[in-house]
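Compute the structure for the input listed below.
(4 chains)
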2 protein chains.
Amino acid sequence: MPTLREETLLLDHLRRRGLRATPERRALLRAIFAQHRHIDAEEILAAARAGGHKISRATVYRNLDLLVECGLVARVTLPGGRAVYEHLHPGLAHDHLSCRQCGRMVEFVSPGISALLVEICRAHDFDLATPQLQISGLCRACATAGQGRRAHG
Amino acid sequence: MPTLREETLLLDHLRRRGLRATPERRALLRAIFAQHRHIDAEEILAAARAGGHKISRATVYRNLDLLVECGLVARVTLPGGRAVYEHLHPGLAHDHLSCRQCGRMVEFVSPGISALLVEICRAHDFDLATPQLQISGLCRACATAGQGRRAHG
DNA sequence: CTGGTTGCAAATACTTTGCAAGATG
DNA sequence: CATCTTGCAAAGTATTTGCAACCAG
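Just a heads-up that it's a prediction; the model follows:
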């Protein structure tokens, strides 16, 4: 298995911060980059283990933040509140539009919005290093079905 | 205590869907509209009880979705994953920019982004009735402090 | 009266944490 | 060898659900 370019970035990040390069951290990174969709913590754990690594749930949670901080991974919160992760590729940013009813998610790119975001972030003194824009709406299917709904039980 | 305009909207919504107007639902609505900041489920429960209403935690959770669906209330997910709610006023939409590190949140209005969002939603067949845009970034303070960080324990 | 709704408490889901053993630089 | 990390399991925190009693239409 060749060394991913991202793995080098992670190692650099760890070294800069005086943290250690453990096999668990590499396994975690690889598990996320092996998947090309949004996966949650539990799926990441399963993927890492399926890859032949011995790793615990606690270690997954403890290191996900680390990967997000170094910009290799993004944490996306679905409308319902569920947290999922995806790998990032510098220069290929995209944003998310998701349905708050059924959870269906669409990825899109909008240079116009990105430009305006730069303005807004500057105005409010926010760092845009890893901007993340999440829009929640209602997809057509749910908007239509939503007319007649029943109570909870 | 006068009847809120929003209460009428809620009652209409309930009638249209064949749901019932219970004192708990009204109390919940009033509790949220009495606060002019973002509050979580627990605070809403406390506010409703402080208002002299007997209401349970389960009822709060069961009905928050209802209020969000009828467009009177918005659910905002903070970067850390915490869910807070705020009352909405038609025509006075605003969006959220929050720091994924310290949670500091800034509200802003951007006609330009709103216009582009309309385009994007149309293109992806999403309903913009209650658009909600959430941007997560890193505020200057956290970006600066973030340079030297230590490990977890 | 009929069936949506509530309260309670138990259950569930997700994430964090204390601690001793085990790595890494 | 210092101390950063891990695994395990227990502890949190947030939210949901089963069920019987209750109440709105």
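
which stretches of chain A aren't confidently modelled?
A:1-3, A:129-131, A:146-153 (pLDDT under 70).

how about a cut-off of 90?
A:1-5, A:69-71, A:77-82, A:89-95, A:98-105, A:113-114, A:117-118, A:127-153 (pLDDT under 90).

Spell out whether stretch A:32-43 and DNA strand C are in contact.
Yes - using Cβ under 7 Å from any atom of the strand, we find that stretch A:32-43 touches DNA strand C at A:40, A:41, A:42. C-beta coordinates here come from the backbone N, C-alpha and C atoms, glycine included.

Find the residue closest to the last one in space, skipping its chain neighbours.
Read that as residue A:42. residue A:57 (7.9 Å; Cβ to Cβ, 6 or more residues apart in numbering or on different chains).

Pop out the phi and psi values for the one you found.
phi -60, psi -40 (degrees, to the nearest 10).

distance of residue A:10 from DNA strand D?
11 Å (Cβ to the nearest atom of the strand, to the nearest Å).

Please apply the same query to residue A:55.
For residue A:55, the distance to DNA strand D - Cβ to the nearest atom of the strand - is 4 Å.

same question, residue A:44
12 Å.

Report the contact partners of that residue.
Residue A:44 sits next to A:28, A:31, A:32, A:60, A:64, A:85 when contact means Cβ atoms under 8 Å, 6 or more residues apart in numbering or on different chains.

And residue A:118, by the same measure?
Contacts of residue A:118 (Cβ under 8 Å, 6+ apart): residue A:128.

same deal with residue A:119?
The contact partners of residue A:119, taken as Cβ under 8 Å, 6+ apart, number zero.

what does residue A:105 give?
Contacts here follow Cβ under 8 Å, 6+ apart; on that basis residue A:105 touches A:38, A:78, A:96, A:97, A:98, A:99.

what's across from the last one in the sheet?
It stands for residue A:99. Residue A:99 has these beta-bridge partners by DSSP bridges: residue A:137.

how far away is it from residue A:78?
Residue A:99 sits 9 Å away from residue A:78, going by Cβ to Cβ, to the nearest Å.

Chain A against DNA strand D: which residues are in contact?
Residues of chain A lying close to DNA strand D by Cβ under 7 Å from any atom of the strand are A:14, A:18-20, A:22, A:24-25, A:54-59, A:62-63, A:81, A:153.

Quick one, which of those residues are buried?
A:14, A:19, A:24, A:25, A:55, A:59, A:62, A:63 (16 or more other Cβ atoms under 10 Å in any protein chain shown).

Please list which of those are also close to chain B.
Taking Cβ under 8 Å from any Cβ of the partner chain as the test, chain B is in contact with A:19, A:62 out of those.

Cheers, nothing more for now.
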